[in-house]
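Trainee: Sequence and predicted structure, then a few things I'm wondering about:
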Amino acid sequence: MSTVTIAPITESLPAFLDSYDFSAIAVIADNHTFRFCYPELKPMLPKHTLVRIKAGEEQKHIATCELIWDALTRANFDRHSLVLNLGGGVIGDMGGFCAATYKRGIAFAQLPTTLLAQVDASVGGKLGIDFRGYKNHIGVFQQPNTVLIDPSFLTTLPERELRSGFAEIIKHCLIADAGMWDEIRRRDLDEQDWPALVAHSVAIKQRVVAEDPTEKGLRKILNFGHTLGHAVETYFLTQHRKRLLHGEAIAVGMVAEAFIAFQKKKIDQELLNATEEYIFSVYGNVRLVDDDIEPILALTLQDKKNRGREVRMSLLDGPGSCAFDVLVTPSEMRRGLEFYRGLNKN
C-alpha cells in the first residue's frame with residue numbers, strides 16, 4: 001500500500017524527491033492545473049519534462065495516452081524515471097496508467113488537486129482510461145510510489161467541482177461510518193471541514209484497500225452508487241445535453257441504489273429518506289426522461305463488478321454498512337431510476 005501524506009506540497013514533495021534518485025522527471029498537468037497548481041511545484045523541481053493535456057473526461061482515452069507515451073519516449077525516459085500526476089481523477093487515472101505501462105512500468109506519484117481525487121481517485125492504485133464510451137474500461141491495478149495531498153489546492157476549485165468530490169465523501173460515510181454520516185448531513189456544503197473530511201475518507205479507503213487490493217471482495221463496497229452512477233455518467237457523455245461531473249452522476253446512483261436496498265429490505269425508510277433528502281439538498285435533480293432509462297440500463301451490463309450477464313451491486317446494508325455482490329435485476333434497477341425520477345425536486 002502506498003504512503004499517503006497530507007501536508008503542504010512545499011514540504012511533502014521535496015522530502016519525497018530527496019529520498020529517491022530518479023533519472024528523469026515528468027509532470028503531467030491539464031490546462032487548469034498548469035495555470036493554478038504547476039507554478040507552485042515548478043520551483044521545487046529539478047529539470048523536468050512538462051506534458052500538458054486538455055482537461056476533462058473527454059480526454060481520458062487511448063489517443064491522449066499516445067501523446068503522453070510519445071513525450072516520455074522523445075525525452076528518453078528510462079525505467080528509473082518518475083511521472084508526477086498533477087490534477088484530478090482524469091490525470092491521476094490516465095497518468096498512472098501511462099506510467100504503469102510505459103516500458104512495463106516506471107515510478108509515479110499522485111498529486112491530487114481536486115476534492116474527488118484527494119478523497120478517492122488518487123488512493124488505491126486503480127488506473128485506467130475510458131474506451132468506446134465505457135468508464136475506466138481499460139486499466140490496471142498498480143500502487144503509486146506515493147500520494148501527496150495538499151488540501152490547499154482545493155481553494156483553486158469552483159464550487160461545482162467541490163460538490164462533485166463531496167459525493168465520494170457522502171459515499172464513504174454511508175458505507176462505513178454512520179456517525180460521520182449524521183455529522184455531515186447536518187451541515188451545508190460551505191460548512192464542511194474539508195481537511196478533516198479528506199483525512200477521514202483516505203483512512204476509510206486505505207483500510208478497505210489494504211484488505212482487498214484488487215477488488216475481489218470487500219473493496220467492492222467502494223462502488224456503492226457507481227453501477228447506475230457510472231451508467232448515467234457515460235450516457236450523458238454521449239448526449240448533447242449538459243455534461244454531468246462524476247460526483248453529480250454518482251449522486252443519482254446513490255439515491256437510486258438506496259431505493260433498491262430499501263426494496264430488498266436492507267435499509268429502512270428512515271435511512272432511505274435521509275439519503276435522498278440530503279443528496280437532493282446538495283445536488284438538486286438531474287432530469288431523466290422515459291427515453292433515457294433503457295440506454296442507461298444497457299450500460300450497466302459493462303459494469304466491472306458483474307458476473308457473466310448478471311449485474312452485481314454494492315448496496316447499503318444499514319447505516320455505515322454495505323453489502324457487495326448483490327444480484328440486481330433490470331426491473332429492480334428500472335424501479336430505482338423511476339424512484340429517482342419521481343422525486344423531481346426541481
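Mentor: Noted; the coordinates are in hand.
Trainee: which stretches of this structure have low pLDDT?
Mentor: Flagging of the chain using pLDDT under 70 yields the residue ranges 240, 344-346.
Trainee: Kindly report the domain assignment for it.
Mentor: 3-156, 164-343 (automatic domain parsing).
Trainee: Would you reformat those as JSON lines and include mean neighbour count?
Mentor: To be clear about C-beta, it is placed using only N, CA and C from the backbone, and glycine gets the same treatment. Converted to JSON lines, those look like this (neighbours: other Cβ atoms under 10 Å):
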{"stretch": "domain 3-156", "mean neighbour count": "19"}
{"stretch": "domain 164-343", "mean neighbour count": "19"}
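Trainee: Any figure for the gap between Gln59 and Asp130?
Mentor: 9 Å (Cβ to Cβ, to the nearest Å).
Trainee: ignore the last one, Arg307
Mentor: Taken as Cβ to Cβ, the span from Arg307 to Asp130 is 22 Å.
Trainee: same check, this time on Gly179
Mentor: In this structure, Gly179 and Asp130 are 36 Å apart, going by Cβ to Cβ.
Trainee: who does the helix or strand encompassing Ala196 touch, helix- and strand-wise?
Mentor: Using DSSP states H and E, Ala196 sits in helix 194-211. In this structure, helix 194-211 makes packing contacts with strand 3-6, helix 159-176, judged by 3 or more Cβ pairs under 8 Å, 6 or more residues apart in numbering; DSSP states H and E.
Trainee: Most distant residue from the centre of the chain?
Mentor: Asn76 (31.4 Å; Cα atoms, centre = their mean).
Trainee: Run through the strands of the protein in chain order.
Mentor: 3-6, 25-30, 49-53, 82-87, 107-112, 126-131, 134-141, 146-149, 311-316, 322-328 (DSSP state E).
Trainee: List the neighbouring strands of the fifth one plus their orientation.
Mentor: Note on strand 107-112: by DSSP bridges, its sheet partners are strand 82-87 (parallel), strand 146-149 (parallel).
Trainee: what does the last one give?
Mentor: Strands flanking strand 322-328 in the sheet, each with its direction: strand 311-316 (antiparallel) (DSSP bridges).
Trainee: Dump the C-alpha coordinates for the strand it pairs with into CSV.
Mentor: Taking C-alpha atoms only, strand 311-316 is exported to CSV below (Å, rounded to 0.1, in the frame of the first residue of the first chain):
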residue,chain,number,x,y,z
VAL,A,311,-25.4,-7.2,-12.6
ARG,A,312,-23.9,-7.3,-9.1
MET,A,313,-24.2,-4.2,-7.0
SER,A,314,-22.8,-2.9,-3.7
LEU,A,315,-25.8,-1.9,-1.6
LEU,A,316,-26.3,-0.3,1.7
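Trainee: got the angle between it and helix 159-176?
Mentor: On the basis of axes from the mean of the first three to the mean of the last three Cα atoms, to 10 degrees, strand 311-316 is oriented at 80 degrees to helix 159-176.
Trainee: got the contact list for strand 311-316?
Mentor: 174-175, 220-224, 226-227, 257-258, 260-261, 264, 266-267, 271, 275, 300-301, 303, 305-306, 322-330, 333 (Cβ atoms under 8 Å, 6 or more residues apart in numbering).
Trainee: swap the cut-off to 6 Å and go again
Mentor: 220-221, 223-224, 227, 258, 261, 266-267, 300, 305-306, 322-326, 328 (Cβ atoms under 6 Å, 6 or more residues apart in numbering).
Trainee: Same question for stretch 93-100.
Mentor: Against stretch 93-100 from outside (Cβ under 6 Å, 6+ apart): 28, 60, 65, 68, 83, 85, 106, 108, 127-129, 139-140, 142.
Trainee: Out of these, give me the two with the largest separation.
Mentor: Using Cβ to Cβ, the pair of those lying farthest apart is Lys60 and Ile106, separated by 20.0 Å.
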